[in-house]
Every structure is written in structure tokens, then in C-alpha cells.
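Trainee: just coords:
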Ligand SMILES: [Zn+2]
């Protein structure tokens, strides 16, 4: 039986105990942008916040793409989240290759280079990645400057998150 078939079976038992009040309009309080890595899946546990409070946007890395920016606009302006947390992590798979390498590898593996160059948003340094993300989100004109925005790195070995201090480009001019 495939994993998806097992999941379908499990869903029937889940639905039999489902609380229909959970179907009402969501009212998340904080937007969290994090990596698709399964070690980041227990956000409720990592951050000590109820699942219902979290509006989670996940991409590989994570990467703050145009789509992620659009989702943050919706999260803040439509759903009403009041803070944004960017969560990178140590040991990310997206630091283990470069976009060029993966484009070359996939082209060779499949014999079809037509999708290249794909943007995989690979990166090398999670702190630098976080700083770039903060800058990207902060400079978006539709994301309110009033909304607190902070970036962190989750250490997959200790479970601790540590804040990334932003280096201001405008300081001491
Ligand atoms: Zn990752």
C-alpha cells in the first residue's frame, strides 16, 4: 500500500473524530516563513504557540519568492496576522548544492535541459540568507512597516532558535 493510500485510510478515522468548529474562518496571529524541511514541522512545539495562531508559509530554504511576498501581503492585510517571523535552520539541504549544479545535474539525468535555468534558491549561509529575507520583506511597499518582522535560525541539533541581528545598511551615514 502506498503512503498516500495509507493516509487516505487514516483520514477516515480522523474525520470521524473531527471537531466541525475547526472549520470556521481562521484567525491566525503570526505569519511564519520557514523551510519545507520536516524538522521544522513542529512549529507549534518549537515556538510554543497554538497551531491556530500560526499562518505558515513554507518553501525550500526557505526562499522569500514573489509568491511568498504575495502570501505575506494576504496574511497581514486579509487574514490579519500582526507579526512576521522568518525561520531558517542549520543543515539545510538547499546549502548542499548550487542552482547551477542542480540545473546541470537534472539536465544530464533526464536528457532534457529545457527547464534550465530553474531557480532553486540555493544558498550557503543561513544568517546571510535571513538578513536578505528581512530586507526583502521589509522593503515591500504593501507589507506594513508597523508589523514587527524578525529573523531566526533553528539549530536542528539543539532545538534552540537564535535571532539574526540585522546589519543596517543605513546606519551611521
Ligand atoms: Zn531547509
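Mentor: Structure received. For clarity, every value in this text was computed on a predicted model and none was experimentally measured.
Trainee: specify the local secondary structure of the residue positioned nearest the centre of the chain.
Mentor: For the chain, the residue nearest the mean C-alpha position is residue 34 (2.3 Å; Cα atoms, centre = their mean). Here residue 34 is recorded as strand under DSSP: H, G, I helix; E, B strand; the rest coil.
Trainee: contacts only, for it.
Mentor: With contact taken as Cβ atoms under 8 Å, 6 or more residues apart in numbering, residue 34 is in contact with 40, 43, 56-58, 62, 86-89, 154. For every residue, glycine as well, the C-beta is placed using N, CA and C.
Trainee: what number of residues lie near residue 68?
Mentor: 22 (other Cβ atoms under 10 Å).
Trainee: with residue 66 instead?
Mentor: The burial count for residue 66: 8, using other Cβ under 10 Å.
Trainee: next one: residue 60
Mentor: 15.
Trainee: residues from this structure in reach of the ion?
Mentor: 35, 37, 92 (Cβ under 5 Å from the ion).
Trainee: tell me the one of these nearest residue 7?
Mentor: Ranked by distance to residue 7 (Cβ to Cβ), the residues of the chain next to the ion are led by residue 37 at 19.9 Å.
Trainee: right, and the closest one touches residue 88 too?
Mentor: No: Residue 37 is beyond contact range of residue 88, at 10.1 Å (criterion: Cβ atoms under 8 Å).
Trainee: nearest to residue 17, of the residues of the chain next to the ion?
Mentor: Looking across the residues of the chain next to the ion and measuring by Cβ to Cβ, the closest to residue 17 is residue 37, at 29.3 Å.
Trainee: so what's the closest one up against?
Mentor: Residue 37 neighbours (Cβ under 8 Å, 6+ apart): 89, 92-93.
Trainee: can I get the residues of the chain next to the ion in CSV including distance to residue 99 and pLDDT?
Mentor: Output for those, formatted as CSV (distance: Cβ to Cβ, whole Å; pLDDT from 0 to 100):
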residue, distance to residue 99, pLDDT
35, 16, 98
37, 18, 98
92, 14, 97
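Trainee: still on that earlier bit, select only the buried ones of the contacts of residue 34 in PyMOL?
Mentor: Selection of buried members from the contacts of residue 34 for PyMOL, criterion 16 or more other Cβ atoms under 10 Å:
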select buried, resi 40+43+56+57+58+62+86+87+88+89+154
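Trainee: out of the contacts of residue 34, name the ones that lie in strands.
Mentor: Among the contacts of residue 34, the members found in strands (DSSP state E) are 56-58, 86-89, 154.
Trainee: which stretches of this structure have low pLDDT?
Mentor: Within the chain, the stretches with pLDDT under 70 are 168-173.
Trainee: what about the helices in it?
Mentor: Ranges of helices within the chain are 3-16, 43-47, 66-74, 99-110, 126-138, based on DSSP state H.
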